[in-house]
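Q: This is the structure alone, sequence omitted:
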């Protein structure tokens, strides 16, 4: 699953609410090299990142807030085999890179959004000290019209948003199941 959206759209809180609904949902911890928040990331160093680049295992890399954030193939594959990874992204090209990185993976794309003034209030409440940088990132985040779900998090509680997402995932799984049975029946 990909939760896509600008800063302060609710990716962290909705991920926690999804986890409360079903423990198969797990935050995909991106690799991070640089300063700032450490919670929710796999903190690393430049040499590890360079090794991933050399081996061709960097699926997506971006730089924001003085740090580099990376989705790497080995950890993505591990996450996909262990449950339902919830990948947080904020760039359209990142969505394309991640969804193309693993052949055969089914992705649920969820576009989380809230009005800029709501995002600003949430950012200020976090007290990270980088409100202007996060608002610039908010302004730079393009909409994702091809998303499976579009949710305005100013109008929904994290629990309500998580329930809508979970219902969509369950319906998608149910729709996929008959096709899987037909495929296995034709192979036997």
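A: Okay, I see it. Quick caveat: nothing in here was measured; it's all calculated off a predicted structure.

Q: Now do the contacts for residue 45.
A: Applying Cβ atoms under 8 Å, 6 or more residues apart in numbering to residue 45 gives the contacts residue 33. Glycine gets a C-beta too; all of them are placed from N, C-alpha and C.

Q: any weak-confidence spans in this structure?
A: Scanning the chain for pLDDT under 70 picks out 173-188.

Q: can you pull out the helices in it?
A: Under the criterion DSSP state H, helices of the chain are mapped to 11-21, 46-54, 73-82, 92-101, 116-126, 131-140, 158-187.

Q: Out of these, the one nearest residue 40 is which?
A: helix 11-21 (6.9 Å; Cβ to Cβ).

Q: What lies in contact with that closest one?
A: Helix 11-21 is contacted by residues 3, 5, 25-27, 40, 86, 88, 112, 153, 158-159, 161-163, 165-166 when judged by Cβ under 8 Å, 6+ apart.

Q: For PyMOL, what selects the buried ones among those residues?
A: Buried residues among the contacts of helix 11-21 (16 or more other Cβ atoms under 10 Å), as a PyMOL selection:
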select buried, resi 3+5+25+26+27+86+88+112+153+158+161+162+165+166
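
Q: before we move on, the earlier item: tell me the most buried of the helices of the chain?
A: Of all those, helix 11-21 carries the top mean neighbour count, a mean of 20, counting by mean count of other Cβ atoms under 10 Å.

Q: roughly how far is that one from the heart of the chain?
A: Chain-centre distance of helix 11-21: 11 Å, with Cα atoms, centre = their mean, to the nearest Å.

Q: rewinding a little: ok, which of the helices of the chain comes nearest residue 61?
A: Evaluated with Cβ to Cβ, these place helix 46-54 nearest to residue 61, the distance being 7.9 Å.
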